[in-house]
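Trainee: Need coordinates for the following:
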Amino acid sequence: MTAKRLFSLDPSWHHHVALSIIACALIAGLLRLILFDPLDPIHCDALLSKGSWLDSAHTNWQPEGCMLHSYQAKDASQCLASRRVVFVGDSVTRSLYFQFIHIIDPILSKEPPDDGVKDSDHSFISASRIKLDFVWDPFLNTTSALALTRPPTQHSSDAHHHEPPALLVLGSGLWYLRYANTSGGLPAWEANIEAHIGAISGARSRPADIVVFLPVEELVFSKLSLEQLHTMHSSDIDAMNSDLYHRIKPSSTTSFPQLTGSTSSEPVSLPLVFNRMLDESQTQDGLHFADPVVQAQANILLNLRCNDEWPKTFPMDKTCCRRYPWPSPVHLIMLAGLVLYTCMLLYRSYLKNPTNGWAIDKDYLAAIIFGAAIFLIYLADRTGLWLKEQKQFSPWTFSCLLLTSLAVGLATIHRADKDLGFLNRDQCDEWKGWMQIAILIYYYLGGSQISDIYNPVWVLVAAYLFMTGYEHTMFYIKKADFGFIRVAQVLVRINLLTLTLAYTMNADYLSYYFAPLVSMWFLIIYLTLGVGSQLNDNTPFLVFKIFLSMGIFAVFISQTRLLETLFEILERIFFIHWSTRQWTFTVTFDHYIAYVGMFAALATIKIREHRLADHPMWPTLIKASTGVSMLVLLWFVSFGLMEESKFAYDSWHPYISFLPIAAFVTLRNATPFLRSCSSRVFAFVGKCSLQTFVIQYHLWLAGDTKGVLLIVPGTRWRPLNFALTTIVFIYVSHQVAWATEEITTWLCDGEKNTLPTTRDATSTGGSTANLSPETVPWPAGGETDEDGPRAEPDTPLRHQSQRWVDRLAEGTARRQSPGFKIWQERQSWRLGVEGGLGVCLALMWLANAMWTNP
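Mentor: Residues are numbered from 1 along each chain as shown. The predicted model follows:
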């Protein structure tokens with residue numbers, strides 16, 4: 001007698017969990033926008049009043065809920081070119097001034113000149129013609145200071161010749177305490193501040209684009225001199241800052257704050273956060289702080305002044321004191337079309353089966369998932385629905401995440417009944433999965449500046465290109481199918497998501513570099529093997545073709561002018577604006593590894609043809625190869641550690657990246673046991689590796705990969721945000737991977753053809769269990785695709801699901817006859833694959849021609 005199960009878990013529980021998190025995050029984001037964002041809609045107040053250090057070295061300051069831009073000279077010149085910037089104050093203000101001008105022009109000094117004149121004015125002109133002035137006036141009572149806060153009136157004779165400074169920074173207070181007997185102390189300071197703020201507030205025109213009053217600096221009293229301790233007290237400094245705050249923000253004393261919320265609407269800005277940034281370990285005299293701290297303060301001033309004036313274009317990596325742009329007309333039409341089309345499909349699904357309520361019909365499910373995912377991604381990274389913050393690398397966090405991922409991967413290893421063969425499908429999915437996890441962690445934590453991590457990660461990227469060369473070469477040599485349908489299927493599947501995001505996110509297509517890179521290599525492999533394909537059985541001729549292709553490509557990519565000419569043609573005819581410099585770096589970094597994959601595929605085929613594995617010396621060769629591979633991996637690790645920087649490694653990478661890849665492939669396939677085992681979790685991620693690589697730009701990361709996404713506000717909640725956004729990110733990526741496959745099937749003549757990755761829904765057991773070790777264990781029909789060999793998802797088929805979430809769960813399972821009837825139940829005519837794709841290209845050309853940036 002079978003025992004009754006006391007507890008039964010809904011097989012679609014993971015859909016419920018992920019969708020619940022998405023729904024709660026959307027509701028919470030909307031509530032925050034409605035209730036709290038009106039108080040600080042562009043996060044200027046957060047920039048000036050809230051934040052914390054992300055690192056112990058005090059180099060990465062994080063404002064609460066927004067991304068700070070690290071300004072450099074070329075950035076500042078776009079905002080302040082030919083303008084004037086003025087600092088007025090004491091030695092604390094002077095330190096800030098010199099850090100500020102060093103950012104504007106690195107040639108300028110960080111410290112006052114050692115000319116024996118300690119307390120004096122300074123004036124410099126940067127390379128971009130920015131006039132940078134400092135006025136020594138610790139009491140803010142000289143004629144120069146008074147003239148700056150009281151600009152000429154419109155009727156003044158000087159008004160037409162007076163251009164207000166782009167930024168005016170005023171700092172005072174400590175000298176009133178230090179020399180209270182001669183300055184008048186706190187009463188004199190209060191009267192002077194009241195006069196300045198009153199003059200600025202009452203002026204017909206602002207004395208500067210942005211006026212900043214620095215808070216009175218909080219001191220480290222344990223490091224002050226005895227004289228300073230006797231005259232400067234913490235209670236006085238607190239009272240002065242409180243007085244400043246209530247004079248500058250009088251609305252804060254009312255029952256409810258003003259709803260304008262924009263610091264730019266206030267006549268004076270008060271960066272109280274400057275005192276939060278101070279740490280006693282960063283000062284020697286208790287009064288002046290180390291360069292990293294003061295430089296971060298200067299950077300906040302630049303973010304305050306310049307962020308909202310930057311062009312509102314890709315990448316959107318500045319969210320402090322910056323409004324998101326309103327889409328241009330063409331962009332808005334595309335976004336509206338996406339939303340309306342998705343809603344229309346939902347309504348048609350309802351009309352088709354009204355008795356089932358809002359259960360999504362399977363014929364419309366893929367398009368609805370795809371459209372909803374794109375809209376969610378847009379909300380995440382092109383609106384203020386969710387907050388964005390900066391990355392911070394931590395070696396402990398990096399190691400912990402990698403080890404945790406490794407433990408989960410090892411815990412989910414399963415073994416097939418027999419040897420699945422060399423580089424079988426499950427193994428390739430697993431390989432792509434764990435590599436993708438490592439790359440995602442690398443990007444999330446911002447590990448690009450750590451050369452010991454940078455070098456191995458680029459080897460992982462090269463490994464993807466190795467598999468691209470290997471898989472497509474295996475297919476074309478064994479199947480010899482050079483028809484248009486196959487090419488269309490592969491290119492559409494690679495680029496459907498990437499192109500959609502490029503238009504809906506107003507981003508650069510080449511910035512999603514992996515999709516265009518894999519597309520380019522697929523076309524190169526196709527042309528290399530397609531030309532003279534009837535002679536591909538002639539091994540010397542085939543080897544000659546591959547070497548010839550390698551040589552032609554090396555010459556082409558080395559001649560920058562050729563690529564520039566090609567991109568100029570694309571710009572003139574198709575209105576495509578691509579960066580030659582960016583693409584040249586991307587391509588040349590791995591311009592041989594795909595050919596290594598092609599040779600590996602050819603060698604694999606010949607070894608099987610000639611049954612070399614049956615030779616008595618084969619086991620000895622395998623043992624020798626295993627030993628050599630271990631030595632190669634050890635050498636590569638030591639070589640990477642010995643390089644001075646990641647830039648030193650860059651010159652070596654194109655020529656040595658194949659060594660660790662070949663070593664890993666050899667070790668991973670050394671025994672039948674290893675070839676029959678694979679990790680389910682790694683394979684799961686590997687099946688949607690292309691989608692995770694692209695979607696991470698906006699839904700897991702933020703600001704076009706420059707920051708991280710927060711669906712729970714607050715820097716202190718970063719671990720919780722990591723967990724929640726990871727669930728959402730992986731779930732959406734997996735759903736979009738399935739939807740992309742279905743849409744590709746429909747676009748590329750899905751009624752007569754299937755994708756290279758489609759398997760019959762009745763297949764059971766291991767994905768290659770029916771193949772012998774001597775055969776090439778690829779998907780049904782022997783085909784492969786750009787995202788690697790694909791395995792059957794674990795989700796069981798449910799042909800009569802009634803609930804909409806079950807329909808969504810059903811979407812991850814393979815169907816025998818996928819229907820994708822969008823416009824009507826029965827179409828009386830079809831454009832065909834060529835015609836349909838031609839229409840899509842024509843629409844993209846039209847969009848490019850009419851596109852404008854906000």
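Trainee: ok, and the closest non-adjacent residue to residue 391?
Mentor: residue 446 (3.4 Å; Cβ to Cβ, 6 or more residues apart in numbering). Using the backbone N, CA and C atoms, a C-beta is placed for each residue, glycine as well.
Trainee: tell me the contacts of the one you found?
Mentor: 391, 392, 393 (Cβ atoms under 8 Å, 6 or more residues apart in numbering).
Trainee: Of those - the most surrounded one?
Mentor: residue 391 (21 neighbours; other Cβ atoms under 10 Å).
Trainee: State the distance from that residue to residue 744.
Mentor: Separation of residue 391 from residue 744 (Cβ to Cβ, to the nearest Å) stands at 33 Å.
Trainee: Could you do residue 494 as well?
Mentor: 9 Å.
Trainee: How about residue 497?
Mentor: 10 Å.
Trainee: Over to residue 522?
Mentor: Note on residue 522: its distance to residue 744, by Cβ to Cβ, is 14 Å.
Trainee: When the two are compared, which one has more neighbours?
Mentor: Higher neighbour count among residue 522 and residue 744: residue 744, with 25 against 21, using other Cβ under 10 Å.
Trainee: quick one: what helix or strand has that one in it?
Mentor: Per DSSP states H and E: residue 744 is located in helix 718-747.
Trainee: Which other helices and strands does that helix contact?
Mentor: Using 3 or more Cβ pairs under 8 Å, 6 or more residues apart in numbering; DSSP states H and E as the contact test, the elements touching helix 718-747 are helix 13-35, helix 362-382, helix 484-504, helix 689-695, strand 707-710, helix 832-850.
Trainee: So which residues make contact with stretch 192-209?
Mentor: 86, 139-141, 145, 148-151, 153-154, 164-168, 170, 172, 211, 213, 243-244, 247-248, 267-268, 305.
Trainee: correction: stretch 609-625
Mentor: 606, 607, 666, 670.
Trainee: how about those in TSV, adding pLDDT?
Mentor: Shown next, in TSV, are the contacts of stretch 609-625 (pLDDT from 0 to 100):
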residue	pLDDT
606	93
607	93
666	96
670	93
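Trainee: Can you pick out the ones from the residues you listed that are in helices?
Mentor: 606, 607, 666 (DSSP state H).
Trainee: Give me the buried stretch members for the helix holding residue 744, please.
Mentor: Along helix 718-747, these residues count as buried under the neighbour rule (16 or more other Cβ atoms under 10 Å): 718, 721-722, 724-725, 727-747.
Trainee: Same check on stretch 477-494?
Mentor: 477, 478, 486, 487, 488, 489, 490, 491, 492, 493, 494.
Trainee: Report the contact partners of the first one.
Mentor: Neighbouring residues of residue 477 by Cβ under 8 Å, 6+ apart: 529, 536, 542, 601, 602, 605.
Trainee: where's the second one relative to residue 598, distance?
Mentor: The reference is to residue 536. Applying Cβ to Cβ, the value for residue 536 to residue 598 is 12 Å.
Trainee: again, but for the third one
Mentor: Taking Cβ to Cβ as the measure, residue 542 falls 9 Å from residue 598.
Trainee: Among the two, which residue is more densely surrounded?
Mentor: Taking other Cβ under 10 Å, residue 542 and residue 598 do not tie; residue 598 has more neighbours (30 against 21).
Trainee: for that one, what are its contacts?
Mentor: Residues near residue 598 by Cβ under 8 Å, 6+ apart: 469, 470, 473, 525, 528, 546.
Trainee: Export the residues you listed as TSV, with columns for secondary structure and distance to residue 237.
Mentor: Shown next, in TSV, are the contacts of residue 598 (DSSP: H, G, I helix; E, B strand; the rest coil; distance: Cβ to Cβ, whole Å):
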residue	secondary structure	distance to residue 237
469	helix	66
470	helix	67
473	helix	72
525	helix	69
528	helix	72
546	helix	73
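Trainee: quick one: residue 417 is in a helix?
Mentor: No: if the criterion is DSSP: H, G, I helix; E, B strand; the rest coil, then residue 417 is coil and not within a helix.
Trainee: since we're on it, how many residues are nearby?
Mentor: 9.
Trainee: Settle this for me: residue 478 is touching residue 605, isn't it.
Mentor: Yes: using Cβ atoms under 8 Å, residue 478 is in contact with residue 605, at 7.1 Å.
Trainee: buried residues in stretch 662-671?
Mentor: Across stretch 662-671, burial judged by 16+ other Cβ under 10 Å covers 662, 663, 664, 665, 666, 667, 668, 669.
Trainee: and what of stretch 46-64?
Mentor: 46-51, 53-54, 58, 60-64.
Trainee: what pLDDT, on average, does that stretch get?
Mentor: Mean per-residue pLDDT for stretch 46-64: 94.
Trainee: who's in contact with it?
Mentor: With Cβ under 8 Å, 6+ apart as the test, stretch 46-64 has contacts from 40, 43, 65-66, 68, 263, 269-273, 276-277, 279, 282, 290, 292-293, 296, 299-300, 303-304, 320-321, 389-390, 392, 714-715.
Trainee: Please apply the same query to stretch 458-467.
Mentor: Here stretch 458-467 makes contact (Cβ under 8 Å, 6+ apart) with 428, 431-432, 435, 438-439, 514, 517-518, 521, 589-590, 593-594, 596-597, 600, 636, 653, 657-658, 660-661, 664, 689, 788.
Trainee: at 7 Å what do you get?
Mentor: For stretch 458-467, the external contacting residues (Cβ atoms under 7 Å, 6 or more residues apart in numbering) are 428, 435, 438-439, 521, 589-590, 593-594, 596-597, 653, 657, 660-661, 788.
Trainee: and residue 65, what does it touch?
Mentor: So residue 65 contacts 43, 46, 387, 389, 713 (Cβ under 7 Å, 6+ apart).
Trainee: Just the buried residues of the contacts of residue 598.
Mentor: 469, 470, 473, 525, 528, 546.
Trainee: Next, give me the two most distant ones among those residues.
Mentor: Using Cβ to Cβ, the buried ones among the contacts of residue 598 span at most 13.7 Å, a distance reached by 470 and 528.
Trainee: quick one: the strands in the chain?
Mentor: 51-53, 61-63, 84-89, 122-125, 131-136, 167-170, 210-213, 387-390, 413-415, 677-679, 701-702, 707-710 (DSSP state E).
Trainee: partners of the shortest one in the sheet?
Mentor: Think strand 701-702. Paired neighbours of strand 701-702 in the sheet (DSSP bridges): strand 707-710 (antiparallel).
Trainee: Can I get the strand it pairs with as PDB, trimmed to CA atoms?
Mentor: The C-alpha coordinates for strand 707-710 follow below in PDB (Å, rounded to 0.1, in the frame of the first residue of the first chain):
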ATOM      1  CA  GLY A 707      25.500  50.400 -11.200                       C
ATOM      2  CA  VAL A 708      23.200  48.000  -9.300                       C
ATOM      3  CA  LEU A 709      19.400  47.900  -9.100                       C
ATOM      4  CA  LEU A 710      17.600  48.400  -5.700                       C
END
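Trainee: quick revisit: relative to residue 17, which of the buried ones among the contacts of residue 598 is nearest.
Mentor: After measuring these against residue 17 - Cβ to Cβ - the closest member comes out as residue 470, at 36.5 Å.
Trainee: contacting residues for residue 220?
Mentor: Per Cβ under 7 Å, 6+ apart, neighbours of residue 220: 280, 283, 286.
Trainee: how close does it sit to residue 226?
Mentor: 15 Å.
Trainee: got it, and residue 845?
Mentor: Counting by Cβ to Cβ, the gap from residue 845 to residue 226 is 77 Å.
Trainee: Tell me how many other residues surround the closest residue to residue 563 other than its chain neighbours.
Mentor: Leaving out its chain neighbours, the residue that sits closest to residue 563 by Cβ to Cβ, 6+ apart is residue 580, at 5.3 Å. Neighbourhood size, residue 580 [other Cβ under 10 Å]: 16.
Trainee: I am finished for the moment; much appreciated.
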